[in-house]
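J.: Below are the sequence and a predicted model for it; my questions follow.
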Amino acid sequence: MSIWNPGLKNVVDDQSEFLSDFPKKSFSKIDATSKLQVIQALDNGQCKSDIAREYGVHPQTILSIYKQKDAIIKKYNQKYNLLKEICSLNLEQNLLDWFEQQFKSGNVITEDQLRTKAQDILKGLSEKFTSIDDWLLSFRTRHNISKYSSDDMYGEKAKEDWKRFLTNSQPNDVYLGGVCALSHNLDYASYLNGQHAESYVSLLLLVNALGTDKKEVAVAGKESMETEIHVRSLPVSYYYCLNSQINYSIIQNYLTKWNNELASKGNHVTLVLDVPESMINSMKFENIRVLGTTELSYVTNILEKVVECFKYHYRRLQISRSLTYGKDNSTFMDYVHMMGMAWHNIPQKYIQNLSYPPGDGSLFFNVKEDSDNDHSLSRWCKMYNIPLNYDQCPSSLDMIIFCDKKLPCIFRGQLDENMQATDVFSQKVCNSTSGMEAYQAMKRIVSYLQGENAGSSIMKYAKYLENHLEYGALLHMHQIIASTNDSI
């Protein structure tokens, strides 16, 4: 039986017909200060839907407040003028910039420090801002800033070891790497019916401690890439391997390429890699210092959360595609592109939070807005009105994220001919492109732009390039015919 609501034509259309399937959200009450802030935001051109989401209320509430604008301002005229003065000092952005800079530097930020900084910014006010504590509470809510509690601890000793390691390193140059398996073609309907994935892939994920540099994902799978055209457009480094597992040769090949890139720029990095120590001991690179997780066990916890977030985003994309087309009819190329997109969608702040665990009683960015903190697919469906029939969707909806956790993703044994992985880019990436290939590539770009309803100016230049490349294609064809001495 299908998990989707019957008779659904278009997700983008009016969704009022299935809103009754979901529990109503308990909205917050807006105090006088917040009402004035809402009016100020609307006057500045901010979208009412964004404001409603910020304050946790229905958009109609925002509209009702604005309709009473004159009455509210008259009642709270003094406070309104004060808020306008605060707005002119750009308190919101200045305080947020300061908090982000302190957090990025690994400094502990307490509630008292946040209040002191806000008061420093407001020194030029004509009168005292007595509601600063209420404003700061609202500020923290808007930007998902939470207070650290002991529930967030992984292990005090492991955390302190990791903190000491980061203190003695440049955060931009410290990278974390791990391996996971992904049942890429297992959709939720199949999972509910107890079916297993026909095949799976293994991935090597690398990112720096700040989350600012996600390296291209290395994917090992047994699906062959038959056309070079498709391979060139992949957002990942794909390795053909019969057992679909990351092995020593893949890691060595992948890191060798990265090492060459770093050498060309004169950069050096440290990579903490969560793979068997036997593999790490034989890896020697001039520009990459590879360490294991034996002495830095906290990294394992970080990578587990990163992988969980990656799979959460991947399943969201898969569900969205199934909903759009009525079923999951994706090709392997589609799955690979979803992997690249899911990896890109992991928020930088989320990785940064994991790499820099907050100190006791300190404030930190708690990424909740996109459900990245609890990775709940059911919560995402309710939040964005994804039309699932919840009577037929048990709590296992969230468990599909972990369905492939126990699959073997790394091969530790001796490699034979069947286990060898082949980089589909090898022998191809440096080949020159002929006039015919360039023309074919341009035709695909034009076709894509037309499908995406690109603007007239973009299409004009795309067609211009296509017409000029057509001459190169004809010239190349003439050369081929001339070289074969065949008659036309």
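T.: Received the coordinates, thanks.

J.: Need the residue closest to the centroid of the protein.
T.: Residue closest to the average C-alpha location in the chain (C-alpha atoms, centre = their mean): residue 345, at 1.6 Å.

J.: Residue 259: neighbouring residues, count only.
T.: If you count neighbours by other C-beta atoms under 10 Å, residue 259 ends up with 18. C-beta coordinates here come from the backbone N, C-alpha and C atoms, glycine included.

J.: dump the residue contacts of it.
T.: Applying C-beta atoms under 8 Å, 6 or more residues apart in numbering, we find residue 259 in contact with 285, 286, 287, 288.

J.: ok so, going back, can you tell me how far the residue nearest to the centre of the chain is from residue 47?
T.: Distance of residue 345 to residue 47, computed by C-beta to C-beta, to the nearest Å: 22 Å.

J.: Helix or strand with the lowest mean pLDDT in this protein?
T.: Lowest on mean pLDDT, DSSP states H and E among the helices and strands of the chain sits helix 228-232, with a mean of 47.

J.: what packs against the following helix or strand past that helix?
T.: Downstream of helix 228-232, the next assigned helix or strand under DSSP states H and E is strand 237-240. Under the contact criterion of 3 or more C-beta pairs under 8 Å, 6 or more residues apart in numbering; DSSP states H and E, strand 237-240 touches strand 218-221, helix 248-265, strand 422-423.

J.: Buried deepest among the ones you listed, which one?
T.: For those, the largest average neighbour count (mean count of other C-beta atoms under 10 Å) is found in strand 218-221, namely a mean of 26.

J.: Relative to it, what are the paired strands and their orientations?
T.: According to DSSP bridges, strand 218-221 forms sheet pairs with strand 201-208 (antiparallel), strand 237-240 (parallel).

J.: Comparing those, which comes out most buried?
T.: Burial of these is given as mean neighbour count (mean count of other C-beta under 10 Å); strand 201-208 ranks first at a mean of 24.

J.: So what touches it?
T.: Taking C-beta under 8 Å, 6+ apart as the rule, strand 201-208 contacts 171-182, 184, 213-215, 217-221, 244-246, 250-251, 254, 269, 271, 303, 306-307, 310, 339, 343, 346, 351, 409-410.

J.: Name the surrounding residues that touch stretch 217-225.
T.: 199-205, 231, 234-247, 250-251, 254, 332, 336, 339-340, 343, 421, 424.

J.: now it, how far from the centre of its chain.
T.: Computed by C-alpha atoms, centre = their mean, to the nearest Å, the separation of stretch 217-225 from the middle of its chain amounts to 21 Å.

J.: Next: stretch 183-202.
T.: The chain centre lies 22 Å from the centre of stretch 183-202; the measure is C-alpha atoms, centre = their mean.

J.: Do a quick rundown of the strands in the stretch 251-400 of the chain.
T.: 269-273, 288-291, 363-365 (DSSP state E, counting those that start in this stretch).

J.: Point me to the helix or strand that includes residue 179.
T.: strand 174-182.

J.: That strand packs against which elements?
T.: By 3+ C-beta pairs under 8 Å, 6+ apart, strand 174-182 packs against strand 201-208, strand 269-273, helix 298-325.

J.: Now do the first one and helix 298-325, the angle between them.
T.: Read it as strand 201-208. Strand 201-208 and helix 298-325 are oriented at 120 degrees to each other (axes from the mean of the first three to the mean of the last three C-alpha atoms, to 10 degrees).

J.: and strand 201-208, C-alpha only, in PDB?
T.: Provided in PDB are the C-alpha atoms of strand 201-208 (Å, rounded to 0.1, in the frame of the first residue of the first chain):
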ATOM      1  CA  VAL A 201      27.800   2.200  -2.000                       C
ATOM      2  CA  SER A 202      30.500   3.200   0.500                       C
ATOM      3  CA  LEU A 203      31.600   6.800   1.000                       C
ATOM      4  CA  LEU A 204      34.700   8.500   2.200                       C
ATOM      5  CA  LEU A 205      33.800  11.900   3.700                       C
ATOM      6  CA  LEU A 206      36.400  14.600   4.500                       C
ATOM      7  CA  VAL A 207      35.800  18.100   6.000                       C
ATOM      8  CA  ASN A 208      37.800  20.600   8.000                       C
END
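
J.: and it, how far from the chain's centre?
T.: Put simply, strand 201-208 sits 13 Å off its chain's centre (C-alpha atoms, centre = their mean).

J.: quick one: that strand to strand 269-273, angle?
T.: Note on geometry: by the same axes, to 10 degrees, strand 201-208 and strand 269-273 are set 140 degrees apart in direction.

J.: Could you shift the numbering so residue one becomes 10, and keep it that way?
T.: Sure, I'll start counting at 10 from here, so that last one is strand 210-217.

J.: So how do I select the buried members of the contacts of strand 210-217 in ChimeraX?
T.: Of the contacts of strand 210-217, the buried ones go into a single ChimeraX selection, burial set by 16 or more other C-beta atoms under 10 Å:
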select :180,182,183,184,185,186,187,188,189,190,191,193,223,224,226,227,228,229,230,253,254,255,259,260,263,278,280,312,315,316,319,348,352,355,360,418,419
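
J.: Number of residues surrounding residue 468?
T.: 14.

J.: What pLDDT is listed against it?
T.: Residue 468 carries a pLDDT score of 72 in this model.

J.: Please look at it and residue 458 and confirm they touch.
T.: Yes: using C-beta atoms under 8 Å as the test, residue 468 is close enough to residue 458 to be in contact (6.0 Å).

J.: Just give me the neighbour total for residue 252.
T.: Neighbour number of residue 252 under other C-beta under 10 Å is 14.

J.: Perfect, that will be all.
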